[in-house]
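Enquirer: Pasting a predicted model and its sequence here:
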Amino acid sequence: MRWSTVLKRAALVPPTLLGVGIIVFVLLRVVPGDPIAMMIPPGASSADIARLRALYGLDQPIVTQFITWFGQVLSGDFGRSISLHQRVFELVIARLPATLELCSLAVVMALLLGGIVALLGVTFRGRAAEWLVDSGIGLFLAIPDFLWALILLLVFGVLVPLLPISGRLRSAARNRFLHPFLSARKPCDLSLRYRRRSAAAYAAAGARARAAVRGFGGAAVEGAACRG
């Protein structure tokens, strides 16, 4: 591959990312659903909803919203998650190690399985067992990836519980070998703790949002969040 080809492909990265950003932004705005509906309390008035829309800039035209969002992205501000009430960049960074581990493990497994299948195909070439290898490859390619994920999850997480169905493999595997019941309890414990933290954060963020909409100051907002 020549350097000119590399430079041409590198030059196509910014417009590609811009196009993907425009498509995703527009789709998120036209699909059914309102992010404000996830934040308002049950008894909120129409005036409170309008103030909250203005607070987040959702009352602006979609072009203005995209320009504002794109400018914030260029400055390194990816906004805040409505459901988790945390900065999106911090959430991405926190989950990046687990993502890299999963990608690395997937690449290693793909190389190993691909090498084994290739060796089997070369070994049985011209023999009666060659059609078994070809049929197996065709079967694996015909089934979608998401269906394989569900099948492997059920097999190795439920029927033959060799791997945990949630959480990081390292801590779950260590607990499973120390105590057989910890691997089954830990995902539940983590889920309960996460739900408690999420519920507390959601209540505090809701109190702050309601107080901000009604025009209270910072001290009143924090007091409302603590009482919530």
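Expert: Structure received.
Enquirer: Read off the pLDDT value for A10.
Expert: Here, the pLDDT recorded for A10 equals 88.
Enquirer: Name the helix or strand for it, please.
Expert: helix 3-11 (DSSP states H and E).
Enquirer: so after that helix, what's the next helix or strand?
Expert: Following helix 3-11 in sequence, per DSSP H and E, is helix 13-30.
Enquirer: what does that next one contact?
Expert: I62, Q65, F66, W69, F70, V73 (Cβ atoms under 8 Å, 6 or more residues apart in numbering). Placement of C-beta: from N, CA and C, glycine included.
Enquirer: what two of those residues are the furthest from one another?
Expert: I62 and V73 (16.0 Å; Cβ to Cβ).
Enquirer: Settle it for me: which of those two has more neighbours?
Expert: Per other Cβ atoms under 10 Å, whichever of I62 and V73 has more neighbours is V73, with 15 against 12.
Enquirer: Output the below-cut-off pLDDT ranges for this structure.
Expert: Applying pLDDT under 70 to the chain flags residues 1, 169-228.
Enquirer: Which positions within the helix ranked longest in it qualify as buried?
Expert: Taking DSSP state H as the criterion, the chain has its longest helix at helix 88-123. Buried residues in helix 88-123, counted by 16 or more other Cβ atoms under 10 Å: L120.
Enquirer: packing partners for it?
Expert: Packing partners of helix 88-123 (3 or more Cβ pairs under 8 Å, 6 or more residues apart in numbering; DSSP states H and E): helix 130-142.
Enquirer: Return the set of buried residues in the helix it packs on.
Expert: Buried positions in helix 130-142, judged by neighbour count with 16+ other Cβ under 10 Å: V133.
Enquirer: what's the answer for stretch 29-41, then?
Expert: I36, M39, I40.
Enquirer: Turn the residues you listed into CSV, including secondary structure.
Expert: Converted to CSV, these look like this (DSSP: H, G, I helix; E, B strand; the rest coil):
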residue, secondary structure
I36, helix
M39, coil
I40, coil
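Enquirer: that older thread, among the contacts of helix 13-30, which one lies nearest to A98?
Expert: V73 (23.5 Å).
Enquirer: Apart from its chain neighbours, what residue comes closest to the closest one?
Expert: The shortest distance from V73 to any non-neighbouring residue, by Cβ to Cβ, 6 or more residues apart in numbering, is to G21 (7.7 Å).
Enquirer: so how many other residues sit close to that neighbour?
Expert: Around G21 there are 14 other residues, counting by other Cβ under 10 Å.
Enquirer: Show me what the helix or strand hosting V63 is packed up against.
Expert: Using DSSP H and E, V63 falls within helix 62-74. Judged by 3+ Cβ pairs under 8 Å, 6+ apart, helix 62-74 is in contact with helix 13-30.
Enquirer: Please save the CA atoms from the helix it packs on in PDB.
Expert: The C-alpha atoms that make up helix 13-30 are tabulated as PDB, following Å, rounded to 0.1, in the frame of the first residue of the first chain:
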ATOM      1  CA  VAL A  13     -11.900  10.000   8.100                       C
ATOM      2  CA  PRO A  14     -13.100  13.600   9.100                       C
ATOM      3  CA  PRO A  15     -15.900  13.800   6.500                       C
ATOM      4  CA  THR A  16     -17.000  10.300   7.300                       C
ATOM      5  CA  LEU A  17     -17.200  11.000  11.000                       C
ATOM      6  CA  LEU A  18     -19.100  14.200  10.300                       C
ATOM      7  CA  GLY A  19     -21.600  12.400   8.100                       C
ATOM      8  CA  VAL A  20     -22.100   9.700  10.700                       C
ATOM      9  CA  GLY A  21     -22.600  12.300  13.400                       C
ATOM     10  CA  ILE A  22     -25.200  14.100  11.200                       C
ATOM     11  CA  ILE A  23     -27.100  10.900  10.500                       C
ATOM     12  CA  VAL A  24     -27.100   9.700  14.100                       C
ATOM     13  CA  PHE A  25     -28.000  13.200  15.400                       C
ATOM     14  CA  VAL A  26     -30.900  13.500  13.000                       C
ATOM     15  CA  LEU A  27     -32.200  10.000  13.700                       C
ATOM     16  CA  LEU A  28     -32.100  10.500  17.400                       C
ATOM     17  CA  ARG A  29     -34.200  13.600  17.000                       C
ATOM     18  CA  VAL A  30     -36.800  12.200  14.600                       C
END
